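In: Got a predicted structure here, sequence first:
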Amino acid sequence: MAYTVLVTGGCGFIGANFVRFLLTERPNWRVVNIDKLTYAGNQANLADMADNPAYTFVHGDICDQNLINELFDRHKVQAVVHFAAESHVDRSITGPDAFIHTNINGTFVLLEAARAHWPAKDQAAVCRFLHVSTDEVYGSLGPTGYFTEETPYDPRSPYSASKASSDHLVRAYFHTYGLPVLLTNCSNNYGPYQFPEKLIPLVLNNAQHGKPLPIYGDGQNVRDWLYVVDHCEAITKVLESGQVGESYNIGGHNEKKNLEIVELLCDLLDKKIAPLPSGAARRSLITFVRDRAGHDRRYAIDAGKIERELGWRPRFTFEQGMEQTVEWYLANRDWMDGVLDGSYQSYYESMYGSRGAVQADKE
Ligand code: NAD
Ligand code: TYD
């Protein structure tokens with residue numbers, strides 16, 4: 001019997017890359033993707049998978065306990081890979097409510113469904129609840145040191161606090177109920193299909209069109225950058241071989257200052273596309289703006305545990321990942337235009353009409 005994985009948030013950036021990865025690399029598995037299609041969810045991200053018989057899309061909310069229970073019953077879900085979340089720090093500063101609702105309550109709903117549907121001890125050999133989280137739960141580092149799986153939690157934005165909260169719930173379900181959970185805490189992802197509110201796609205889009213490139217504060221904040229394809233491989237590794245109850249940090253071994261990233265993107269575009277009408281280098285578009293409230297200074301991941309215990313390390317160098325990413329955005333300007341003019345939000349209706357959540361399910 002095919003292994004059935006419920007992916008939440010599969011129309012978002014990492015989720016869509018992961019669904020495509022599983023359907024390609026694990027052709028005998030079945031993937032059920034539940035996504036609410038918030039502003040960050042884009043059905044076009046998986047347009048090429050829509051007719052794959054191993055793929056089912058469900059338009060719905062992870063906070064809807066009845067719907068989630070029904071999906072577990074109907075599809076005999078054996079694994080959950082939980083991406084669905086509000087994911088942007090800036091939005092969590094201006095409107096934290098949705099973060100608390102989806103990231104905490106939504107995770108709780110999924111845990112309850114798994115607990116109700118995976119009761120028998122022998123299921124633990126097969127069933128897995130993999131919660132995808134962030135390194136931001138560990139707080140902010142000074143100039144040295146790394147986050148390990150033992151670093152105490154110290155979240156500092158409403159986003160990271162909501163993710164930390166959901167991590168604690170997931171661990172509590174392991175300790176209290178024996179639910180077979182796994183946690184991953186990864187660094188900043190980059191790659192195809194990322195919503196252009198995040199640094200890299202935002203800069204790529206603005207720089208192409210000669211618009212200002214906003215850098216918060218002094219641009220010296222450091223992030224560790226992980227190519228999304230490497231991340232998908234790491235998640236699959238943890239799902240298949242991780243030890244239940246454990247957390248795994250996933251990082252790209254690529255610490256960069258924000259300003260370095262933006263300068264690199266400017267230089268790559270100057271080489272690849274027509275110059276700005278003014279003839280100026282794209283670095284001239286860099287504009288220092290007011291800093292983000294509570295802006296964490298540095299994140300850096302020690303990804304030694306997943307390498308030692310599961311044999312995973314990133315396959316792509318930063319240069320390779322960035323090259324492929326820039327090429328993808330240049331080759332997919334229609335995707336970006338659809339996101340920017342809002343037409344991506346009518347994609348669902350054009351595919352499925354105005355039917356409700358469960359009717360959109362193919363089965
Ligand atoms: P994203 O914002 O691109 O996508 C989130 C997806 O979740 C969207 O498709 C959205 O429609 C869906 N969603 C939101 N609320 C929902 C709800 N209530 N019910 C069902 N679906 C809902 O996010 P992403 O960047 O792909 O991140 C995925 C996960 O990875 C998140 O849990 C995030 O915290 C985590 N993460 C992301 C990064 C990163 O660099 N992007 C880094 C570390 C961890
Ligand atoms: P972001 O992509 O929002 O990810 P996160 O906040 O989860 O790390 O931002 C990455 C870094 O880039 C972060 O330090 C904030 C900074 N940043 C800018 O300087 N300008 C921008 O326009 C954005 C979106 C981010």
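Out: Perfect, thanks for sending it. Ligands and ions are numbered 1, 2, ... in the order given.
In: Point out the other helices and strands that the lengthiest helix in the chain packs with.
Out: In the chain, ranked by residue count with DSSP state H as the criterion, the top helix is helix 158-177. Where contact means 3 or more CB pairs under 8 Å, 6 or more residues apart in numbering; DSSP states H and E, helix 158-177 is packed against helix 89-94, helix 107-117, strand 128-134, strand 181-186. Just so you know, the C-beta spots here come from the backbone N, C-alpha and C atoms, and that holds for glycine as well.
In: Does ligand 2 have contacts with that helix?
Out: No - Helix 158-177 does not reach ligand 2 (CB under 6 Å from any ligand atom); its nearest approach is 7.4 Å.
In: That helix near ligand 1 anywhere?
Out: Yes - applying CB under 6 Å from any ligand atom, one finds helix 158-177 touching ligand 1 at K163.
In: That helix to strand 181-186, inter-axis angle?
Out: 160 degrees (axes from the mean of the first three to the mean of the last three CA atoms, to 10 degrees).
In: in helix 158-177, what counts as buried?
Out: Buried residues in helix 158-177, defined by neighbour count with 16 or more other CB atoms under 10 Å: 158-167, 169-171, 173-174.
In: Please work out the angle formed by the directions of it and strand 128-134.
Out: For the pair helix 158-177 and strand 128-134, the angle between their directions (the same axes, to 10 degrees) equals 150 degrees.
In: Tabulate the CA atom coordinates of helix 158-177 in PDB.
Out: Listed next in PDB are the C-alpha coordinates belonging to helix 158-177 (Å, rounded to 0.1, in the frame of the first residue of the first chain):
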ATOM      1  CA  PRO A 158       5.700  37.300  17.500                       C
ATOM      2  CA  TYR A 159       6.500  35.000  14.600                       C
ATOM      3  CA  SER A 160       9.300  33.200  16.400                       C
ATOM      4  CA  ALA A 161       7.300  33.100  19.600                       C
ATOM      5  CA  SER A 162       4.400  31.400  17.800                       C
ATOM      6  CA  LYS A 163       6.800  28.900  16.300                       C
ATOM      7  CA  ALA A 164       8.500  28.200  19.600                       C
ATOM      8  CA  SER A 165       5.100  27.700  21.100                       C
ATOM      9  CA  SER A 166       4.100  25.100  18.500                       C
ATOM     10  CA  ASP A 167       7.500  23.400  18.900                       C
ATOM     11  CA  HIS A 168       6.700  23.000  22.700                       C
ATOM     12  CA  LEU A 169       3.300  21.600  21.900                       C
ATOM     13  CA  VAL A 170       4.800  19.000  19.500                       C
ATOM     14  CA  ARG A 171       7.300  17.900  22.100                       C
ATOM     15  CA  ALA A 172       4.600  17.700  24.800                       C
ATOM     16  CA  TYR A 173       2.600  15.300  22.600                       C
ATOM     17  CA  PHE A 174       5.700  13.100  22.400                       C
ATOM     18  CA  HIS A 175       6.300  13.100  26.100                       C
ATOM     19  CA  THR A 176       2.700  12.900  27.200                       C
ATOM     20  CA  TYR A 177       1.100  10.700  24.600                       C
END
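In: quick one on the thing from earlier: mean pLDDT, mean neighbour count and distance to N33 added to the helices and strands packed on helix 158-177, as JSON lines?
Out: JSON lines is the format used below for those (pLDDT from 0 to 100; neighbours: other CB atoms under 10 Å; distance: least, CB to CB, whole Å):
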{"stretch": "helix 89-94", "mean pLDDT": "97", "mean neighbour count": "17", "distance to N33": "23"}
{"stretch": "helix 107-117", "mean pLDDT": "97", "mean neighbour count": "21", "distance to N33": "14"}
{"stretch": "strand 128-134", "mean pLDDT": "98", "mean neighbour count": "24", "distance to N33": "14"}
{"stretch": "strand 181-186", "mean pLDDT": "98", "mean neighbour count": "25", "distance to N33": "19"}
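In: who wins for proximity to N45 among these?
Out: The minimum distance between N45 and the helices and strands packed on helix 158-177 falls on strand 128-134, with 16.4 Å, by CB to CB.
In: Which other helices and strands does that closest one contact?
Out: strand 79-82, helix 107-117, helix 158-177, strand 181-186, helix 228-241.
In: Any part of it near ligand 2?
Out: No - Strand 128-134 lies apart from ligand 2 when judged by CB under 6 Å from any ligand atom; the minimum separation is 7.3 Å.
In: In contact with T107, which residues?
Out: Going by CB atoms under 8 Å, 6 or more residues apart in numbering, T107 touches I62, H82, H131, S166, L169, V170.
In: beta partners of the third one?
Out: With beta bridges defined as DSSP bridges, H131 has these partners: H82, L183.
In: Rebuild the helices and strands packed on strand 128-134 as a markdown table, extending it with distance to E136.
Out: Converted to a markdown table, the helices and strands packed on strand 128-134 look like this (distance: least, CB to CB, whole Å):
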| stretch | distance to E136 |
| --- | --- |
| strand 79-82 | 17 |
| helix 107-117 | 16 |
| helix 158-177 | 4 |
| strand 181-186 | 9 |
| helix 228-241 | 15 |
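In: Closest approach to ligand 2 from the stretch 251-363 of the chain, which residue is it?
Out: Residue nearest to ligand 2 within the stretch 251-363 of the chain (CB to the nearest ligand atom): N258, separated by 4.5 Å.
In: Which per-residue confidence value corresponds to the nearest residue to that residue once chain neighbours are set aside?
Out: Nearest in space to N258, with sequence neighbours left out and distances taken as CB to CB, 6 or more residues apart in numbering, is G219 at 4.8 Å. Note for G219: predicted pLDDT of 98.
In: List the contacts of G219.
Out: Per CB under 8 Å, 6+ apart, neighbours of G219: K257, N258, L259, V262, F288.
In: List phi and psi for F99.
Out: Torsion angles at F99 (phi, psi; degrees, to the nearest 10) stand at phi -70, psi -40.
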